[in-house]
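I'd like to go over a predicted model; first the sequence, then the structure.
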Amino acid sequence: MNKVTAEGQNVEEAVKNGLSILDISRDEAMIRVVDEGKRGFLGLWKSRPAVVEIQKVINPIEEAAHFLKAVASEMGIHVHIEISQKGKQYEFHLSGENIGVLIGKRGQTLNALELLTQLAANRYANEYLTITLDPEGYKERRRETLENLAKKLAAQVSKTSEKVVLEPMPAHERKIIHQTLKNHPLIRTSSIGEGAKRKVVLEPIIR
């Protein structure tokens with residue numbers, strides 16, 4: 001329950017009652033006074049309780065971390081999460097036993113989890129947040145692998161003068177290929193396809 005309507009003899013008491021029901025502090029709540037109430041007078045006027053509406057303010061990053069832990073638990077994995085932030089970008093550093101299950105073949109499971117975790121956060125965010133998942137340094141190892149692949153294929157294309165089309169990759173991985181070869185004197189890169197089927201093409205520069 002994230003929202004409640006509470007009553008009290010006055011606004012302060014109504015707020016206290018509502019916070020108690022939601023089990024949150026005042027800092028975690030958004031409070032709207034529905035009715036300030038009315039005190040009776042010598043039995044001539046009936047009293048009216050104060051009414052407030054209290055909604056729990058959900059932290060989008062905490063919600064995203066909770067979502068990810070729940071999904072990992074369903075996969076039989078207990079995951080520990082440490083979070084670093086740079087502006088509106090958050091990186092979840094993951095650790096735990098059998099963490100490779102969260103990565104999947106060529107990072108496909110990880111990419112799907114990253115998208116879902118980001119959606120979970122942005123349901124409650126006032127501005128768009130970017131979340132990336134990095135299980136035990138996998139992202140840096142993957143970057144090195146892609147950079148080495150790009151250089152190896154560039155040498156192949158330079159030698160054979162035949163273009164090479166890579167397997168479909170997510171946007172951030174295609175970007176690594178493009179950046180690695182952007183200043184190559186003999187090779188140019190481009191992307192073809194749509195959505196999840198988008199892939200990088202390496203081809204020789206014809207002079």
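Great, that's in hand. Residues are numbered from 1 along each chain as shown.

what comes up buried for stretch 24-34?
24, 29 (16 or more other Cβ atoms under 10 Å). C-betas here are computed from N, CA, C, even on glycine.

kindly report the same for stretch 154-172.
Buried residues in stretch 154-172 (16+ other Cβ under 10 Å): 154, 157, 166, 168, 169, 170.

state the mean pLDDT of stretch 152-172.
In this model, stretch 152-172 has a mean pLDDT of 93.

quick one: contacts of that stretch?
With contact meaning Cβ atoms under 8 Å, 6 or more residues apart in numbering, stretch 152-172 is reached by 106-107, 111, 132, 177, 181, 184, 186-187, 192-193, 196-204.

format the buried residues of stretch 154-172 as CSV; extra columns: secondary structure.
Compiled in CSV, the buried residues of stretch 154-172 are given as follows (DSSP: H, G, I helix; E, B strand; the rest coil):
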residue, secondary structure
154, helix
157, helix
166, coil
168, coil
169, coil
170, coil
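
looking at the residues you listed, which is nearest residue 125?
residue 170 (21.7 Å; Cβ to Cβ).

for residue 106, see how far away that closest one is.
Using Cβ to Cβ, to the nearest Å, residue 170 is found at 10 Å from residue 106.

ok, back up a step: Serialize the buried residues of stretch 154-172 to CSV and add fields for distance to residue 54.
Below are these laid out as CSV (distance: Cβ to Cβ, whole Å):
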residue, distance to residue 54
154, 60
157, 63
166, 53
168, 48
169, 46
170, 41
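
report the two of these separated the most.
157 and 170 (22.6 Å).

please identify the helix or strand for the residue nearest to residue 186 when sequence neighbours are not counted.
Take residue 186 and drop its neighbours on the chain: the residue closest to it by Cβ to Cβ, 6 or more residues apart in numbering is residue 158, 4.8 Å away. Using DSSP states H and E, the element containing residue 158 is helix 138-160.
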